[in-house]
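# Have a look at this prediction, sequence included:
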Amino acid sequence: AALTVRFLTRRFIGEYGDLEFIYSHNLTVDGREILFHIWDVPNSQQGEEGSSEEKRIQWADSFVLVYSICDRASFNILPLKIQFIKAAKEGQNQEKVPIVIVGNKRDLHHQRVVSSEEGRLLALSLDCGFYEVSAAE
């Protein structure tokens, strides 16, 4: 949620509840007006693999999966999530689904438990993009 709000408003808010939201946002990219619809799902709800999860996956055209560099568990669930997404999306039409892995909280390097190299290697092994960011900065 912090990254979504930062993207939409350029402000950082540190605390969020476990609510799911769909945001819409217009942005000009390379001279073209693009309408983003962002379905922001808190980590506590991302473990679902039932109809809600399937509905979100079918709804989306691309995926940004965010983990905290200070939370190993949030990183460890990514391979299963990505396999689930690819099976649902790529099985239909054989097109590669755009997925980006984002390590958040780069500013908290003193609490880091997941190295940048681990993130890069995971993204490479799963054919995903990779970035490390700080929503706070």
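Cool, got the structure.
# which regions of the protein lie under the pLDDT threshold?
Filtered on pLDDT under 70, the chain yields the residue ranges 1-8, 10-21, 43-51, 91-94.
# List the contacts of the strand or helix carrying A73.
The secondary structure element spanning A73 is helix 72-76 (assigned by DSSP states H and E). If you take C-beta atoms under 8 Å, 6 or more residues apart in numbering as the criterion, helix 72-76 is touched by 43, 66-69, 103, 113-114, 118-119, 122. Just so you know, the C-beta spots here come from the backbone N, C-alpha and C atoms, and that holds for glycine as well.
# can I assume G103 sits in a helix?
No - using DSSP: H, G, I helix; E, B strand; the rest coil, the secondary structure at G103 is strand, not a helix.
# Now it: closest residue in space, sequence neighbours ignored.
Spatially, and ignoring its direct neighbours in sequence, G103 is nearest to E132 (4.2 Å; C-beta to C-beta, 6 or more residues apart in numbering).
# Also L124?
Distances taken as C-beta to C-beta, 6+ apart place F130 nearest to L124, at 7.6 Å, with adjacent residues excluded.
# I'd like to know how far the one you found sits from K105.
Going from F130 to K105 by C-beta to C-beta, to the nearest Å gives 15 Å.
# Between the two, which is the more surrounded one?
Neighbours per residue, other C-beta atoms under 10 Å: of F130 and K105, the larger number sits with K105, 22 against 16.
# how about that one, phi and psi?
phi 80, psi 30 (degrees, to the nearest 10).
# So it sits against I69, correct?
Yes - applying C-beta atoms under 8 Å, one finds K105 in contact with I69, separated by 5.3 Å.
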